[in-house]
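*Asks:* dropping a prediction and its sequence here:
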Amino acid sequence: MDKTFIRDLKVHAVIGVYDFERKHAQPLSFDIEMTSDLTGAAQSDDLNQAINYAAVSQDVIDLTKSLKPLLIERLADAVATMILEKYQPQSVTIRISKPDAVPAAAAVGVEITRSNRSIIS
Ligand SMILES: Nc1nc2c(c(=O)[nH]1)N=C([C@H](O)[C@@H](O)CO)CN2
């Protein structure tokens, strides 16, 4: 399946369970993969037929800055739901890294995959 991807999208946002994390924004990095058939965009050469990765990036930044979640899992799920509903890929995989959370680690975080079927109930 074809993919549109965003790699290492950097966002500063409030996230975390501890008091000190609620007082200051911290860096996050997103890797996002969206599967869809890209044949229509390729044949038409029309951005409207594609998943606009610049628009997705801005929506991810805006949602992340406004949500201020405790858990990175909640953020990942909210971002996946927004992308599925607004951009209609067949599936989306979101990996979010918190590079400053555990000093001994290069980064910690989560990766989730959601498909359009999984949000239809
Ligand atoms: N699975 C998770 N574990 C932890 C999270 C999280 O969001 N998901 N968050 C924290 C703290 O906020 C941490 O980032 C501070 O070091 C701990 N574990």
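*Replies:* Thanks, I have the structure now.
*Asks:* who's in contact with residue 110?
*Replies:* Residue 110 makes contact with 72-73, 76, 95-96 under the criterion C-beta atoms under 8 Å, 6 or more residues apart in numbering. Quick note: C-beta positions are derived from backbone N, CA and C, even for glycine.
*Asks:* same question, residue 99
*Replies:* Per C-beta under 8 Å, 6+ apart, neighbours of residue 99: 27, 29, 106-107.
*Asks:* now list the buried members of those residues.
*Replies:* residue 29 (16 or more other C-beta atoms under 10 Å).
*Asks:* in strands only, show me the contacts of residue 99.
*Replies:* With DSSP state E as the criterion, strands contain 27, 29 from among the contacts of residue 99.
*Asks:* pick out the most distant pair among the contacts of residue 99.
*Replies:* 27 and 106 (12.5 Å; C-beta to C-beta).
*Asks:* correct me, but residue 53 touches residue 9?
*Replies:* No. The pair residue 53 and residue 9 does not pass the contact test of C-beta atoms under 8 Å, sitting 9.5 Å apart.
*Asks:* just the strands in this protein please.
*Replies:* So, for the chain - with DSSP E - the strands run 3-13, 26-35, 91-98, 108-115.
*Asks:* any idea which of those is most buried?
*Replies:* Most buried of the strands of the chain, by mean neighbour count (mean count of other C-beta atoms under 10 Å): strand 91-98, with a mean of 21.
*Asks:* so what strands line up beside that strand?
*Replies:* strand 26-35 (antiparallel), strand 108-115 (antiparallel) (DSSP bridges).
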